[in-house]
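K.L.:
After the sequence you'll find the predicted model.
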Amino acid sequence: MAKKKKLLKLVRDSIEKGATTAEDVHKSIAAMPLKWLKDIDVLRGPVGKAGKIQDQTIGSIYDLIRRINEQVGKLAVELLADATAAVEPASGNRKRPAAAKATKRAAARKRTVAATARKPAASKAKRSAAVASKRPSRKKTPA
């Protein structure tokens with residue numbers, strides 16, 4: 001899940017940066033004709049007002065893109081969480097926090113160490129042989 005969240009963050013950040021870059025390019029291209037029109041004395045005032053309105057309009061569009069990106073990101077996080085929950089078994093085998101896992105592993109190790117300490121070395125060898133004999137064979141059968 002952590003890898004998926006990192007990927008999601010990367011995509012969201014990329015869209016954010018892309019929207020900002022596109023907005024800057026859009027504003028600079030849209031401003032070119034207004035710069036030439038500002039050179040005409042009679043049009044200087046109206047062109048300045050038109051430029052401000054134009055910048056606000058372009059900014060609003062890209063702000064909307066950013067908000068949509070944010071909402072899509074939230075939806076993706078929810079869908080990932082739902083998908084992860086659906087994949088996990090319904091029994092008590094759900095993932096536990098790392099601290100709980102570590103505690104359980106430590107307790108299991110203590111039991112193993114205590115059990116092996118009580119038994120003589122000969123029985124260890126017998127157990128190893130028994131475990132080895134129970135393992136499935138890895139030999140390939142001809143087809």
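P.N.:
Yep, that arrived.
K.L.:
so where does Lys4 fall, helix or strand?
P.N.:
Using DSSP states H and E, the element containing Lys4 is helix 2-38.
K.L.:
mean confidence score for that helix?
P.N.:
On average, the pLDDT along helix 2-38 is 89.
K.L.:
Tell me which other helices or strands the top helix by length along the chain touches.
P.N.:
Longest helix in the chain by number of residues (criterion: DSSP state H): helix 44-87. With contacts taken as 3 or more Cβ pairs under 8 Å, 6 or more residues apart in numbering; DSSP states H and E, helix 44-87 sits against helix 2-38. From N, CA and C alone the C-beta is placed, and that goes for glycine too.
K.L.:
Output the contacting helices and strands for the helix it packs on.
P.N.:
Applying 3+ Cβ pairs under 8 Å, 6+ apart, we find helix 2-38 packed against helix 44-87.
K.L.:
lowest-pLDDT helix or strand in this structure?
P.N.:
For the chain, the helix or strand with the lowest mean confidence is helix 121-134, at a mean of 53 (criterion: mean pLDDT, DSSP states H and E).
K.L.:
how far away is the closest residue to Ala76 other than its chain neighbours from Val25?
P.N.:
Leaving aside its sequence neighbours, Ala76 sits nearest to Leu8 (Cβ to Cβ, 6 or more residues apart in numbering; 5.5 Å). Per Cβ to Cβ, to the nearest Å, Leu8 is found 26 Å from Val25.
K.L.:
Of these two, give the one with the bigger neighbour count.
P.N.:
Leu8 (15 against 10; other Cβ atoms under 10 Å).
K.L.:
For the more buried one, give me its contacts.
P.N.:
Residues in contact with Leu8, defined by Cβ atoms under 8 Å, 6 or more residues apart in numbering, are Gly73, Ala76, Val77, Leu80.
K.L.:
what's the neighbour count on the first one?
P.N.:
Think Gly73. 17.
K.L.:
can you check the third one too?
P.N.:
The number of residues packed around Val77, counting by other Cβ under 10 Å, is 16.
K.L.:
can I assume Glu31 is in contact with Ala50?
P.N.:
Careful, residue 31 is Ala; it's not Glu. No: the criterion here is Cβ atoms under 8 Å, and Ala31 misses it with Ala50 at 10.5 Å.
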